[in-house]
Structures are given as structure tokens and as C-alpha cells.
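> Show me the folded form of this:
(chains A and B)
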Number of protein chains: 2
Amino acid sequence: MTRQQLFEQILKKQSFLCVGLDADIKKIPEHLLDTEDPIYEFNRAIIDATAPSCVACKPNLAFFESEGASGWATFEKTVAYIQQRHPEIFIIADAKRGDIGHTSEMYARAFFGTTKLDAVTVAPYMGEDSVKPFLTFAGRWVILLALTSNGGSQDFQLTEDRNGERLFEKVLRVSQQWGTDEQMMYVTGATQAKLFEDVRRIVPDHFLLVPGVGAQGGSLEEVCRYGMNRHCGLLVNSSRGIIYADSSEDFAGAAAREAGKLQQEMKVMLDKYCR
Amino acid sequence: MTRQQLFEQILKKQSFLCVGLDADIKKIPEHLLDTEDPIYEFNRAIIDATAPSCVACKPNLAFFESEGASGWATFEKTVAYIQQRHPEIFIIADAKRGDIGHTSEMYARAFFGTTKLDAVTVAPYMGEDSVKPFLTFAGRWVILLALTSNGGSQDFQLTEDRNGERLFEKVLRVSQQWGTDEQMMYVTGATQAKLFEDVRRIVPDHFLLVPGVGAQGGSLEEVCRYGMNRHCGLLVNSSRGIIYADSSEDFAGAAAREAGKLQQEMKVMLDKYCR
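Sure thing, here's the model as predicted:
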């Protein structure tokens, strides 16, 4: 999917919501446990219910891998279902991969060859040759970790070098030599809303994938005030707040209502800041 | 496996060799392609052939994931085979995972719960809460990326902060607060042999996992001169140099001979530097 196509979806749905698929077998509604593949049934219902309000979804690989090979089969089935039923949805493999070039090529094959996802999250620690193999697939995106939403983001990402440049700023600056804003996005946590101005100084035009609104405490208004650009430039993720809104048989209805509420807030933000 | 048990294996086999399982379906001997699970047959033959000369093996997750769910099934079968036939071998999931705490818990469950590996490689970019969930499993190890063997290691890992501390040094220093040298090791590339002295100044007692000898050009002698400590403290990995030593029906015999050559060199190094 191109940046323009993604922006058109945002305008059409008046939403820049990404639904995070972090389904844990221990947390999904009990009545699903009798089905053949409970996590698949759960994900399918969540996506069907939230599709009118979201432009993207983000299966989190850890939650599939924790069930081993059968979890990977569920991941593949989930992706195939979304691609078939909701082809307009931008699918992000939240995998945070990254390795030496030869190995990154194999990871890229996993997410862009075997399953044809739109994007994959990649960790920057190993530098250029760990990221570039993901950029050789036309129409596919790398979403590079820059400033994450967790407490541990303080440990290394904010370290200033001799010139006062923080590590996340260096990642943003240097990585622009590896690919364009038509193939790269950056993870920028909503819990760091005040730093969005600094991020936008370096990457004014890129899309940012923003976790941390909701359960982690980030403010949508602040993220938009400091982070939105003229083609929106934001995909704001919500996982637990949507998928676990209700644990009864009405879980999908509740998820739809939560996603709908966020969509309504996002519509206001688009009117206010997207220009 | 405890550090002491690992050291005992090293003394017994007179080797600190780790065999990297990076099996690519496009590179394995043709005669295996007729079997039901060629990669499994390949891995099994390699491990049986090299077990007398190695103390560890390192399945590289990317090479399994590139085949999707069936690749993960091959990974699980490979691990189960090694655990059953060669229980003395220390098994490392080379996965380079790392995410916010809740998600890292699920990755830890994948590698230490569902499949009970001895160790997993973890990327440090997201800091403390991305690493700690892996440290809650007794007898299991985190191998944190510090100084990698690839060209891209120059991009961020060597960046000096205001006090002249390089990022890899900060990772080594700060992460020692998260776990002990009985549960953490560090990836330190053989291509950076001159920097081993700096690494050892910060982590004199930890084991280091050392890729980059062989195909990538690192020198075993230099790694040992600067990196070995009184309980060896090194696991030196070789992948392509061993597993693709020969593409004929004698591939396993050739792998055994290459591993044996390295073991002989390692025996000399142990005599010379392990004191």
C-alpha cells in the first residue's frame, strides 16, 4: 500500500486507528475455548467488528509464538482472513526483528514473501545492514523503533552523544539514508508526547506508528497536536483497550464500540490538526 | 544449565564451539529435498556429526520463520531432537527479540515455556523492562546484544556519550543491574577483537557469545587472547563454515571435519589462555 492510498483510507474512514491483536489464550472470552482455533476466532471477530473504525491492524508476533508452531499457523490464518475480507486494512507484523544482513533477508522473506504483510517493525540496534533487506520489497514498509512507549525507553534511547544528539534522534536522522518516507515509518510512543516536536523536526513527513494511548496512559490530543502533519502522518495503536473491552459473548460488540469512540475522537483531531 | 555445568562440558570436550543452524532450503544438499522435512533431516545430521566437537548449538529463528508455520514446526522438532539425543548441548534460540514488558513475557514463554531452550538472544534497544521478563526463568539465559559482528554495528553501538562511554559499553554496564553472570551473556562479534579488552574491563566474568569467526573474517586467536577468562567465558559460533562445508551426500562428514578442526584449535587456545 502506498502512502497516498493509506491517507485516502484515513480520509474515507475519518480514522487513523490501528487495532493491536495481542490475543492471549488466558484472557479471551471463555465461550471461544471450545472452538478449534480460539485465537483465530477471537481475532476474526475483533477485526470484523472494528474494521469500519480502523485503517490498520497490528498482529503482535509474541502472542502467536508463545503457542509455538500452532500459534504461527494461527497468525497466518488471521492475516489471510484480513487480506481476503478487509483488503483495505494495512497489516503490520509487530515483530521487532533485526539481525545481520543475511539473516534479516530471511526475516523479510517471512513477513513479505511467505505472508505478504504491508509492514514489519524492526529494531535499529544493529544498524544499516540489519534494516536494508526489508526495504527491497516494493510496496512494503519498515517501521523502525525510534522512541518507544515503555519505561525502558529511558535506558538507552535518550542517551545524548557529544553533540547533544539523543540516540533516538540519531536513529531518525541516520536511517533516512536507508529508505524514503514512502517505505519507512517510525515507532514513537504516545507516552512521550512532548518529544513529538523533536521527532517532527527530523522526520516531518514520515508516518509514525504510535503505541501507548489508552492502557499505557498517552494522550491522543497531545500526540495529534505535536505529531500530526498534512497527510495525517499518524497510525495510533490501541490493543488491550479495544480487544479486552468486554469478556462476555458481546466482546466483539464492545470492541466495536471502543474502536468507534476512538474513531470519533480521531475525526475531531483530523479536522483540527491535519492541514 | 548452570555456568559451572557449561564450563565442565567445555573442559570435557576441550571445545567452546557453538554450531549455528542457519539452514536454508536453497542451500542444503539436493538429495535431502525428497525427504518429508529436509531442514529437519539436515539439522539432525549436522548435530549428530558435530556433537563430539561442540558444546552449544544456535538455531537461527529467521531461517525457520522464513518457511512460516511449517518452519516453526521444524524448529520445534530440531530442538526436541537435540534435547533428547544430545542433552549435554547448550541450545541458544538466536531470535534477537525484545519488546515492552508484557510482550517480552510472551516471547519468553515461547522460548523457555513452550520449547525449553537454554538461552535466547535479546536486543537491548528498549531497555530494562524489555529484557527482565526473560530473566524470571530459573536456569535459562539471556544473551544480550552488545557489540555485533556486522558492518552496521558502527552506526549506533560505537556512539560515544558526553562522558566518552560508547553505547555498547553502556549496555554492558547498565544491564548488569538486571541479572547476574549466572543468567546473562553478551553477544560480542569476533570482527571487533580489539574491542574485547574494553568489553572485558566491564564484564570480566560473563560468558560472551562470539559470532563472526570464519565467513565474517574474525580471528579465533585474537578473540581468545583478549576475551578468554579463567572459566573460558567464550562460546564461539560458526555457521556457514561448518554446515555448508560440502554440498554432497557427505555433507555431515565434512561438517564433522570442519568442527573437529575448530575443536583442535580451541583446545590449543584453552591450554594457552584459560587460566
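
> Now for the closest residue to residue A:175 other than its chain neighbours: which residues touch it?
Distance criterion C-beta to C-beta, 6 or more residues apart in numbering or on different chains; nearest residue to residue A:175, sequence neighbours excluded, is residue A:144 at 5.7 Å. Quick note: C-beta positions are derived from backbone N, CA and C, even for glycine. Listed by C-beta atoms under 8 Å, 6 or more residues apart in numbering or on different chains, the contact partners of residue A:144 are A:121, A:122, A:123, A:124, A:131, A:171, A:175, A:184, A:185, A:186, A:187.

> Give me the phi and psi for residue A:144.
Dihedral angles phi and psi of residue A:144 (degrees, to the nearest 10) take the values phi -90, psi 140.

> Could you pull out the strands in the stretch 51-200 of chain A for me?
A:56-59, A:90-97, A:119-122, A:141-147, A:184-188 (DSSP state E, counting those that start in this stretch).

> by contact count, what packs against the first one?
The contact analysis (3 or more C-beta pairs under 8 Å, 6 or more residues apart in numbering or on different chains; DSSP states H and E) places strand A:56-59 against strand A:17-21, helix A:38-50, helix A:68-85, strand A:90-97, strand A:234-238.

> cool, and the longest one?
For strand A:90-97, the elements it packs on are strand A:17-21, strand A:56-59, helix A:61-65, helix A:68-85, helix A:101-108, strand A:119-122, judged by 3+ C-beta pairs under 8 Å, 6+ apart.

> Tell me the pLDDT of the residue of the stretch 151-275 of chain A found nearest chain B.
Sorted by distance to chain B under C-beta to the nearest C-beta, the residues of the stretch 151-275 of chain A start with residue A:152, at 2.4 Å. The predicted structure scores residue A:152 at 97 on the pLDDT scale.

> Is the residue nearest to residue A:175 bridged to anything, and to what?
residue A:122, residue A:186 (DSSP bridges).

> quick one, what contacts the closest residue to residue A:146 other than its chain neighbours?
Beyond its immediate neighbours in the sequence, the residue positioned closest to residue A:146 (C-beta to C-beta, 6+ apart) is residue A:186, lying 4.2 Å away. Contacts of residue A:186 were listed using C-beta under 8 Å, 6+ apart, and they are A:143, A:144, A:145, A:146, A:147, A:172, A:199, A:203, A:206, A:207, A:208, A:209.

> Can you say which of the helices and strands packed on strand A:56-59 is packed in most?
Highest mean neighbour count among the helices and strands packed on strand A:56-59 (mean count of other C-beta atoms under 10 Å in any protein chain shown): strand A:234-238, with a mean of 27.

> tilt between the longest helix along chain A and helix A:38-50?
Scanning chain A for the longest helix, with DSSP state H as the assignment, gives helix A:251-273. Interaxial angle, helix A:251-273 versus helix A:38-50 (axes from the mean of the first three to the mean of the last three C-alpha atoms, to 10 degrees): 50 degrees.

> to the chain's geometric centre, what's the distance from helix A:251-273?
If you compare the mean C-alpha spot of helix A:251-273 with that of the full chain, they lie 17 Å apart, counting by C-alpha atoms, centre = their mean, to the nearest Å.

> re earlier: compare the strands of the stretch 51-200 of chain A and report which one is nearest to residue B:13.
Among the strands of the stretch 51-200 of chain A, the nearest to residue B:13 by C-beta to C-beta is strand A:90-97 (32.7 Å).

> Now that closest one - C-alpha only, CSV.
In CSV, the C-alpha atoms belonging to strand A:90-97 read as follows (Å, rounded to 0.1, in the frame of the first residue of the first chain):
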residue,chain,number,x,y,z
PHE,A,90,-2.9,-2.0,6.4
ILE,A,91,-1.4,-5.0,8.2
ILE,A,92,1.6,-4.6,10.4
ALA,A,93,3.6,-7.5,11.7
ASP,A,94,4.7,-6.3,15.1
ALA,A,95,7.9,-8.4,15.3
LYS,A,96,10.7,-6.1,16.2
ARG,A,97,13.2,-8.1,14.2
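
> got a list of contacts for it?
A:1, A:6, A:9, A:18, A:20, A:55-61, A:79, A:82-83, A:104, A:107, A:111, A:115, A:117-123, A:143, A:145, A:209, A:235, B:62, B:96-99, B:123, B:126.

> now it: mean pLDDT?
Along strand A:90-97, the predicted local confidence has a mean pLDDT of 98.

> try stretch A:207-226
Across stretch A:207-226, the average pLDDT comes to 90.

> Quote the end-to-end distance of it.
Chord length of stretch A:207-226, first to last residue, is 13 Å (C-alpha to C-alpha, to the nearest Å).

> cool, and stretch A:172-185?
The first residue of stretch A:172-185 is 10 Å away from its last residue (C-alpha to C-alpha).

> before we move on, the earlier item: between the helices and strands packed on strand A:56-59, which one is closest to residue B:214.
strand A:90-97 (23.8 Å).

> From the chain's centroid, how far away is that closest one?
7 Å.

> One more: stretch A:194-203?
Centroid separation between stretch A:194-203 and its chain, computed with C-alpha atoms, centre = their mean, is 19 Å.

> Likewise for stretch A:138-157?
When distances are taken as C-alpha atoms, centre = their mean, stretch A:138-157 is centred 10 Å away from the chain's centroid.

> Only C-alpha atoms, please: export that stretch in PDB.
What follows is stretch A:138-157 as a C-alpha-only set of coordinates in PDB (Å, rounded to 0.1, in the frame of the first residue of the first chain):
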ATOM      1  CA  ALA A 138       8.300  -2.900  -3.400                       C
ATOM      2  CA  GLY A 139       5.200  -1.500  -1.600                       C
ATOM      3  CA  ARG A 140       6.200  -2.900   1.800                       C
ATOM      4  CA  TRP A 141       7.200  -0.800   4.800                       C
ATOM      5  CA  VAL A 142       9.800  -0.900   7.600                       C
ATOM      6  CA  ILE A 143       8.600   0.600  10.800                       C
ATOM      7  CA  LEU A 144      11.800   1.300  12.700                       C
ATOM      8  CA  LEU A 145      11.800   1.700  16.500                       C
ATOM      9  CA  ALA A 146      12.800   5.200  17.500                       C
ATOM     10  CA  LEU A 147      11.300   6.300  20.800                       C
ATOM     11  CA  THR A 148       9.300   3.500  22.400                       C
ATOM     12  CA  SER A 149       6.400   3.900  24.900                       C
ATOM     13  CA  ASN A 150       7.800   1.800  27.700                       C
ATOM     14  CA  GLY A 151       9.800   2.700  30.800                       C
ATOM     15  CA  GLY A 152      12.900   1.100  29.500                       C
ATOM     16  CA  SER A 153      13.000   3.700  26.600                       C
ATOM     17  CA  GLN A 154      14.900   5.900  29.100                       C
ATOM     18  CA  ASP A 155      17.800   3.500  29.400                       C
ATOM     19  CA  PHE A 156      19.400   4.000  26.000                       C
ATOM     20  CA  GLN A 157      17.200   5.900  23.600                       C
END
